[in-house]
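J.: Predicted model follows, preceded by the sequence.
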Amino acid sequence: MPGRARRATRVCSTPGCADLTDHPSGLCDDCRAARYKQADAARPSSAERGYGPAHQQLRREWAPRVEAGGVNCTRCGILIVPGTAWDLGHDDNDRSRYTGPEHQVCNRATRGR
Ligand SMILES: [Zn+2]
Ligand SMILES: [Zn+2]
């Protein structure tokens, strides 16, 4: 069509999804909507909002691994089931060090002492 900029259209990058998209993310509308919902679910809890960008960055790095399954809680050693609430744990002796993901219930259990 003359005068209309051609945008690259490709197949959605979600495995198994055959929808076409020209969005820079490579995801079709449906899959982007689904991702946003997931991101909402994984959004840090209100108790974590005080943490800095390093914490947010580390959490972002851990999130896909936790969501893929196979990451164990650093406190109780039991698998963190994808989709359940988790926090990034701190070393009890050195609060500036992160130990890794742990169940939110395990993390909260150590607070307020
Ligand atoms: Zn898709
Ligand atoms: Zn745990």
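T.: Happy to help now that I have it. Ligands and ions are numbered 1, 2, ... in the order given.

J.: rest of the way, CA atoms for contacts and neighbours
T.: Fine.

J.: quick one, strands of the chain?
T.: 10-11, 20-21, 86-90, 98-103 (DSSP state E).

J.: Turn those into JSON lines, including mean neighbour count and distance to T74.
T.: Below are the strands of the chain laid out as JSON lines (neighbours: other C-alpha atoms under 10 Å; distance: least, C-alpha to C-alpha, whole Å):
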{"stretch": "strand 10-11", "mean neighbour count": "15", "distance to T74": "39"}
{"stretch": "strand 20-21", "mean neighbour count": "17", "distance to T74": "40"}
{"stretch": "strand 86-90", "mean neighbour count": "21", "distance to T74": "7"}
{"stretch": "strand 98-103", "mean neighbour count": "20", "distance to T74": "5"}
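
J.: Flag every residue of this structure that's near ligand 1.
T.: Listed as neighbours of ligand 1 in the chain under the rule C-alpha under 5 Å from the ion: 12, 17, 28, 31.

J.: Buried ones from those residues, can you make that a PyMOL selection?
T.: Selection command for PyMOL covering only the buried members of these, criterion 16 or more other C-alpha atoms under 10 Å:
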select buried, resi 12+28+31
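
J.: Take the residues of the chain next to ligand 1 and lay them out in JSON lines including pLDDT.
T.: Shown next, in JSON lines, are those (pLDDT from 0 to 100):
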{"residue": "C12", "pLDDT": "95"}
{"residue": "C17", "pLDDT": "95"}
{"residue": "C28", "pLDDT": "95"}
{"residue": "C31", "pLDDT": "93"}
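
J.: Could you single out the nearest of the residues of the chain next to ligand 1 to H55?
T.: Distance to H55, by C-alpha to C-alpha, is smallest for C31 among the residues of the chain next to ligand 1, at 27.0 Å.

J.: Quick check: the gap between the spatially closest residue to that closest one that is not a sequence neighbour and ligand 2.
T.: Distances taken as C-alpha to C-alpha, 6 or more residues apart in numbering place T14 nearest to C31, at 7.2 Å, with adjacent residues excluded. Counting by C-alpha to the ion, to the nearest Å, the gap from T14 to ligand 2 is 31 Å.
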